[in-house]
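> I'd like to go over a predicted model; first the sequence, then the structure.
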Amino acid sequence: MIILEDVHYSYDGVYTALRGISLQVDDGERFAVIGANGAGKTTMVKHMNGLLRPQKGRVILDGRDTKFMSVAEIARKVGLVFQNPDHQLFLDSVKKEVEFGLRNIGFTESEAAQRRQKTLASLGLEGFAERSPFTLSGGERKRVALASVLSTEPRFLALDEPTIGQDAHQKNQLAQMLAEMNKRGRTVVVVTHDIEFVIENFPRTIAMADGQIIADGSTNMVLSNDEVIERCSLAPPQMTLAARALRNVFPEVGQRLTLLSELEETIMGILGGA
Amino acid sequence: MSFLEVFQYTRQDSVMHRLDPRSKLVLSIVCATVSMMFMEIIPLLMVFTCLLPLIAAAKSLGRWAKSMKGLGALLVFVLVFNTLLSPMEYPFSYSLSLAIRLVALMTSFSLFFLTVQPDQLSQALIQMRVKFEFAFAMSMAMRYVPTLGQEAYAIMDAQRARGVELDKGNIVKRIRNIIPIIVPLIIVSIRRALSIAESMESRGFGVSENRTYMEMLRFRKRDWALVLSSLLILILVIYVRFFVGLPGWMMWNLPF
Amino acid sequence: MALIEFADFSFKYLGADSLALKRIKLTIDNGEYVVITGPSGCGKTTFCRAINALVPQFHRGYVAGNVYTDGKNTREYEVATFASVAGLVFQNPENQLVTLDVEKEIAFGPENLGVAPSEIRRRVEELIELLDLEELREKHPHEMSGGEQQRVAIAATLALKPKVLVADEPTSNLDPQSAEAILEIIAHLNKRGMAVVLVEHRLDLVAKDASRIILMDKGRIVADGDPREVLAMDLCEEIGVGVPKATQVYKRLKTRGIELGNVPLTGVELAELVQEATSR
């Protein structure tokens, strides 16, 4: 369990990036963090794995204040996948790249090799083990970076903008993989602007603006709030727009429609009877 | 490194900012030369007091003061170190004049760098017949330095999150730990350079022999006035210093 | 004469295993709004680069066939020749802003081509107004958001007065609101008569403006036509194209025996079609 208690943070002492974040992340949860650029999403996530330490307030990981833990120690429990894979890839084979992180946080050589094999297989990257990451495409590099974090099997996994530059197939794959990890009891946190990805895959959403949490609840509830959409620089999802237009004519259409399948059923209801 | 701020361009609307970069270059060099000509406390203080109004004219006194505060530690170091080790008769006076000279030199050059935007600097170089490609490369380097800095921080974060401990271990280990930072930094920089080149090529970079410039720097009357009076002061100071000699009161030293 | 003509064009990058473009044949005319989409690695970016001769002049490799842009063979003329025909906008705005100042950035292209200073000044002012850059005039690229940077990059490209704007995923690094603003600008430019070639994943946002959608997969063109026709094909799901949600609902209803008459591209269109269907 990760608990953030009234966390404040400022990069330069003038502009406050986080102003009083309190949040509890339970084991086995799956949620999304949304917000405009500069709202503090990434800053908050960096507090979860100790890259940043609160200037005021506390972060408690499994009952221990992270103030007394090193980033390497926290990394065993909390994995963070960054937006740009090129910021971490530096070795000349995918295999070495994945094993690097494992060795760093204390796995033996044979354990590391075993875990590396398992992770590459689960991401469909077995064939790439001997390839140099620098010869891979952007989407593939992104998966290698993901593999290097996943291989450590962190109990908490946070991903920063994982869908950028991914096509529809790759997004589906990613979603499936995250769902599977979650099913196995791991916590999955995603920071994203991709509202459709959130709607289809995450039951809980936290919305941030100006360094504060402005909404936290079921995705359905948070994303049908126009003020949240506006303050997070998002565009209302197509399904919400469709539902609203329908509601003008068919008052029986519910207030909170977001899922594609729900809209499909509603339209079946309207037209099926006709 | 806050004392370096005094060499960083800040956007302002001031008399100094409006001057042509070339005339400011002359001014800076003259001020620096004059500070280099003296080793005595009184003349150096006089040079220094002449520089301050110029910084004020650039509306940058606040920034200057902040940088000098940042320089404080270095100045104290110069004072102590030189006083203890100098073979001179009056080691403290000597160190004091060294320190004043350092401040005067920095202030002289900051007059130029505080008030000249990098793009203007490259324009000035072009008009001084430096090759366009070279001048442009220089201003582009300044353009991308902060980007590179941000990138380096992002890479450090990404590697620390993977358990790389940058500030632990012996020297060998620390040096080895630089590799996961340096390699990605080089690679992202190469990728970035290619992508920048692609964009510039698409906009016709380097194609025409007859490149035009939307705005040429113009040497105005005030620039001539500045250059002429700077040179005049330089000649006067040289004359006094080398041909007349300093009056006794200017040679005053502290008795230690 | 077509504005852009691909005549059986194939290309393989130096050192690559497979062709990036395979026997591309198509023409694009003045005033069109062409959206190109397809899975990662399908050849979209190479297609854009081939329009202004970056492929094969800047990125070298194996070439077969020809591309004619504004009637000129891209194998025979250098990239700069095409600067005032095809204006390219790239994914990362940071890498397109090479000066420290908006005016200088817009002036950069025309200066390179030797346009008269008074004319450059006129274009700069015109573009600052057209793209609403007035409050950015004094800003350093670092002080701008990604969306603002991309607006400046578009202005800098337009300063060369191209006949076609070729934009390669210009919104993929932006937040949804900035992305929409950029796409609105592009649609607006098209309405003023400029041809547009746009590579984009977010079909939800652009399908409604496009006059034509081209699907690419593994270096080939696999579909090319009216957006509604193309997006209604099952092929889209097969190769992994992000079909607009409204179109997906339409397709699902169709398999359940409900025909909405037309293919919707947005949620509002979908609602309208449902309404029409009930009143029939």
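Looks like it came in fine.

> Low-confidence stretches in chain A?
Along chain A, segments meeting pLDDT under 70 span A:257, A:273-274.

> Which strand residues bridge the residue sitting nearest the centre point of it?
Centroid-nearest residue in chain A: A:Val190, 1.2 Å away (criterion: CA atoms, centre = their mean). Note on A:Val190: beta-bridge partners by DSSP bridges are A:Ala32, A:Leu159.

> May I ask you to confirm that it is in contact with A:Ala32?
Yes - contact status for A:Val190 versus A:Ala32: in contact at 5.0 Å, counting by CB atoms under 8 Å. The C-beta positions use only the backbone N, C-alpha and C, and glycine is treated the same way.

> so what sits against both of those two?
A:Phe197, A:Val198, A:Phe202 (CB atoms under 8 Å, 6 or more residues apart in numbering or on different chains).

> Output stretch A:32-52 as PDB, nothing but the C-alphas.
In PDB, the C-alpha atoms belonging to stretch A:32-52 read as follows (Å, rounded to 0.1, in the frame of the first residue of the first chain):
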ATOM      1  CA  ALA A  32      -5.600   6.300 -14.300                       C
ATOM      2  CA  VAL A  33      -4.200   9.800 -13.500                       C
ATOM      3  CA  ILE A  34      -5.300  12.500 -15.900                       C
ATOM      4  CA  GLY A  35      -4.700  16.300 -16.100                       C
ATOM      5  CA  ALA A  36      -3.300  19.000 -18.300                       C
ATOM      6  CA  ASN A  37       0.400  19.400 -18.900                       C
ATOM      7  CA  GLY A  38       2.000  20.900 -15.800                       C
ATOM      8  CA  ALA A  39      -0.800  19.700 -13.500                       C
ATOM      9  CA  GLY A  40       1.600  17.700 -11.500                       C
ATOM     10  CA  LYS A  41       0.800  14.100 -12.600                       C
ATOM     11  CA  THR A  42       4.400  13.100 -13.300                       C
ATOM     12  CA  THR A  43       5.600  14.900 -10.200                       C
ATOM     13  CA  MET A  44       3.100  12.900  -8.100                       C
ATOM     14  CA  VAL A  45       4.100   9.600  -9.700                       C
ATOM     15  CA  LYS A  46       7.800  10.300  -9.100                       C
ATOM     16  CA  HIS A  47       7.000  10.600  -5.400                       C
ATOM     17  CA  MET A  48       5.600   7.100  -5.400                       C
ATOM     18  CA  ASN A  49       8.900   5.600  -6.300                       C
ATOM     19  CA  GLY A  50      11.100   8.000  -4.400                       C
ATOM     20  CA  LEU A  51      12.700   9.900  -7.300                       C
ATOM     21  CA  LEU A  52      11.300  12.900  -5.600                       C
END
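
> Check whether stretch C:18-29 comes close enough to chain B to count as a contact.
No - between stretch C:18-29 and chain B, judged by CB under 8 Å from any CB of the partner chain, nothing touches; the nearest distance is 15.2 Å.

> Now do that stretch: everything it contacts.
By CB under 8 Å, 6+ apart, stretch C:18-29 touches C:2-13, C:34, C:43, C:46-47, C:50, C:61, C:64-65, C:164, C:195, C:197, C:214, C:218-221, C:224.

> C:Asp226 - nearest residue in space that isn't next to it in sequence?
Nearest residue to C:Asp226 in three dimensions, chain neighbours excluded: C:Arg212, at 6.9 Å (CB to CB, 6 or more residues apart in numbering or on different chains).

> nope, C:Gln248 is what I meant
Nearest-residue entry for C:Gln248: A:Leu260, 6.1 Å, with adjacent residues in sequence omitted and distances by CB to CB, 6+ apart.

> Could you count how many residues lie near the one you found?
When neighbours are counted by other CB atoms under 10 Å in any protein chain shown, A:Leu260 registers 20.

> got it, and the one 4 residues further on?
By the criterion of other CB under 10 Å, A:Glu264 has 19 neighbours.

> I'd guessed it sits against C:Lys251; true?
No - at 9.9 Å, A:Glu264 does not count as touching C:Lys251 under the criterion of CB under 8 Å.

> Confirm for me that A:Leu241 is in contact with C:Pro264.
No - in this structure, A:Leu241 is not within contact of C:Pro264 by CB under 8 Å, at 11.3 Å.

> Counting neighbours, go ahead and name the busier of these two.
When neighbours are counted by other CB under 10 Å, C:Pro264 comes out ahead of the other of A:Leu241 and C:Pro264, with 27 against 19.

> Ignoring the adjacent residues along the chain, who's closest to the more buried one?
In this structure, C:Pro264 finds its nearest non-sequential neighbour in C:Leu270, 4.0 Å apart by CB to CB, 6+ apart.

> Can you tell me the element the spatially most central residue of chain C falls in?
Note on chain C: the residue nearest the mean C-alpha position is C:Leu198, at 1.4 Å, using CA atoms, centre = their mean. In this assignment (DSSP states H and E), C:Leu198 forms part of strand C:195-199.

> Which of the residues in stretch A:61-68 are classified as buried?
Residues of stretch A:61-68 classed as buried: A:Leu61, A:Thr66 (neighbour count, 16 or more other CB atoms under 10 Å in any protein chain shown).

> List the contacts of it.
With contacts defined as CB under 8 Å, 6+ apart, stretch A:61-68 is touched by A:1-2, A:47-48, A:50, A:53, A:58-60, A:69, A:74, A:77-78.

> Cross the residues you listed against strands and list the overlap.
A:Ile2, A:Arg58, A:Val59, A:Ile60, A:Val78 (DSSP state E).

> Mind checking which of the residues you listed are buried?
A:Ile2, A:Val59, A:Val78.

> Can I get these in TSV including distance to chain C?
Formatted as TSV, these follow (distance: CB to the nearest CB, whole Å):
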residue	distance to chain C
A:Ile2	26
A:Val59	27
A:Val78	26
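
> which among those gets closest to B:Arg18?
A:Val59 (50.8 Å; CB to CB).

> shouldn't that closest one be in contact with A:His8?
No - taking contacts as CB under 8 Å, A:Val59 lies outside contact range of A:His8: 11.5 Å.

> buried stuff in stretch C:224-240?
By neighbour count with 16+ other CB under 10 Å, stretch C:224-240 contains the buried residues C:Asp224, C:Pro227, C:Arg228, C:Val230, C:Leu231, C:Ala232, C:Met233, C:Cys236, C:Ile239, C:Gly240.

> So what touches it?
By CB under 8 Å, 6+ apart, the residues outside stretch C:224-240 that reach it are A:167-170, C:26, C:35, C:38-39, C:42, C:203, C:207-208, C:210-215, C:217, C:222-223, C:243-244, C:247, C:250-251, C:262-263, C:265.

> Which of the residues you listed fall within strands?
Members of the contacts of stretch C:224-240 lying in strands (criterion: DSSP E): C:Leu26, C:Val35, C:Arg212, C:Ile213, C:Ile214, C:Leu215, C:Asp217, C:Val222, C:Ala223.

> picking that back up, just list whatever residues bridge to the residue nearest to the centre of chain C.
With DSSP bridges as the rule, C:Leu198 is bridged to C:Val35, C:Ala167.
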